[in-house]
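Enquirer: Would you be able to build a 3D model of this:
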Amino acid sequence: MINKQVASVAEAVADIRDGSTVMISGFGEAGSPIELIHALIDQGARDLVVINNNAGNGFVGLAALIAAGRVRKVICSYPRSSNSEVFQQLYREGRIELELVPQGTLAERIRAGGAGIPAFYTPTAAGTPLAEGKEVREFNGRPHVLEYGLTADFALVKAERGDRLGNLVYNKTARNFGPIMCMAAKTTIVQVRHFVAAGEIDPEVVVTPGIFVDRVVHVPNPAQESKLVAEGVRYP
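Expert: Here you go, the predicted structure:
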């Protein structure tokens, strides 16, 4: 019988190795798998390359992972969000690398990676510093920049509901990068607020089919990043 449920967040992230590339879902707070990230901090993996929409807020979640010195490079669209403190300081000190990617291009690079598409051309960033050093070709009289698909060793994703087969449903816009990250990672690890029996999720509303998911862990009361930041919480 297929059963992708694991007992704890610690067990779920236990085999993430030093030097891994890790995709982490979330648009700021929405869809950020804080419990999985904190378990990764406790686990101790280092020299990570993290692919995310932003670079963390306050001193919890992704920001805490960066503050712990575990991240070598961040690939993201918004390294300076409203409550981002840790990344800017480390970047100014030359202690962390940044690959800045326009948000739509980031989404398409992840989607392409998951679909097995090695590269594509986009007009976004043409003629800007983000295009420096990249191949540029003209299509229909307009310059386009060659961008490469993104894949990862692991993806950490947050969903609203999941079953033992790995089928997932998200909570509205907390879906964001989750589905395409599930497709683009070799090993996809998902925390779900509601763990339900197989067959309880209507197949017509499944967003991510279980074939793209390797592990599911039940986190019934996930932390709210904005609340933790407002309270000045630091992890660990």
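Enquirer: show me the contacts for the nearest residue to residue 10 once chain neighbours are set aside.
Expert: Among residues not flanking residue 10 along the chain, residue 39 sits closest, at 5.1 Å (CB to CB, 6 or more residues apart in numbering). Using the backbone N, CA and C atoms, a C-beta is placed for each residue, glycine as well. Listed by CB atoms under 8 Å, 6 or more residues apart in numbering, the contact partners of residue 39 are 8, 9, 10, 12, 13.
Enquirer: From residue 132, how far out is the residue located most distally from the centre of the chain?
Expert: Ranked by distance from the centre of the chain (CA atoms, centre = their mean), the top residue is residue 141, with 35.2 Å. For residue 141, the distance to residue 132 equals 22 Å [CB to CB, to the nearest Å].
Enquirer: Then residue 99?
Expert: Where residue 132 is concerned, residue 99 sits at a distance of 13 Å (CB to CB).
Enquirer: Pick out whichever of the two has more residues nearby.
Expert: Taking neighbours as other CB atoms under 10 Å, residue 99 and residue 132 compare with residue 99 leading, 14 against 9.
Enquirer: Look up phi and psi at the more buried one.
Expert: phi -120, psi 110 (degrees, to the nearest 10).
Enquirer: Would you mind listing the residues in contact with the nearest residue to it once chain neighbours are set aside?
Expert: Sequence neighbours aside, residue 75 is the residue nearest to residue 99 in space, at 4.4 Å (criterion: CB to CB, 6+ apart). Applying CB under 8 Å, 6+ apart to residue 75 gives the contacts 49, 50, 51, 52, 98, 99, 101, 106, 150.
Enquirer: out of those residues, which is most surrounded?
Expert: residue 52 (29 neighbours).
Enquirer: Who are the contact partners of the residue lying closest to that residue once chain neighbours are set aside?
Expert: Excluding its sequence neighbours, the residue lying closest to residue 52 (CB to CB, 6+ apart) is residue 24, at 4.6 Å. Contact analysis of residue 24 by CB under 8 Å, 6+ apart lists 32, 33, 37, 50, 51, 52, 62, 155, 156, 157, 181.
Enquirer: what's in contact with the longest helix along the chain?
Expert: As assigned by DSSP state H, the longest helix anywhere in the chain is helix 103-115. Helix 103-115 is touched from outside by 23, 51, 53, 75-78, 101, 118-120, 122, 124-125, 147-152, 177, 180-184, 212, with contacts defined as CB under 8 Å, 6+ apart.
Enquirer: Then stretch 172-187?
Expert: 15, 23-27, 30-31, 51-53, 107, 110-111, 113-115, 149-155, 157-160, 168, 170, 188, 190, 207-208, 212-215.
Enquirer: In helices only, show me those residues.
Expert: In this view, the contacts of stretch 172-187 that belong to helices under DSSP H are 107, 110, 111, 113, 114, 115.
Enquirer: What pLDDT is listed against the second one?
Expert: You'll see residue 110 listed with a pLDDT of 98.
Enquirer: before we move on, what about the fifth one?
Expert: According to the per-residue confidence, residue 114 scores 98 in pLDDT.
Enquirer: if I look at it, how far off is residue 76?
Expert: Residue 114 is 18 Å from residue 76, by CB to CB.
Enquirer: Now do the strands in this structure.
Expert: Using DSSP state E, the strands of the chain run over residues 21-24, 48-51, 71-76, 97-100, 119-122, 136-139, 142-148, 152-162, 168-169, 185-195, 215-218.
Enquirer: Can you add mean pLDDT and distance to residue 202 and give those back as CSV?
Expert: Converted to CSV, the strands of the chain look like this (pLDDT from 0 to 100; distance: least, CB to CB, whole Å):
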stretch, mean pLDDT, distance to residue 202
strand 21-24, 98, 27
strand 48-51, 98, 31
strand 71-76, 98, 34
strand 97-100, 98, 39
strand 119-122, 98, 34
strand 136-139, 98, 42
strand 142-148, 98, 36
strand 152-162, 98, 11
strand 168-169, 98, 9
strand 185-195, 98, 14
strand 215-218, 98, 18
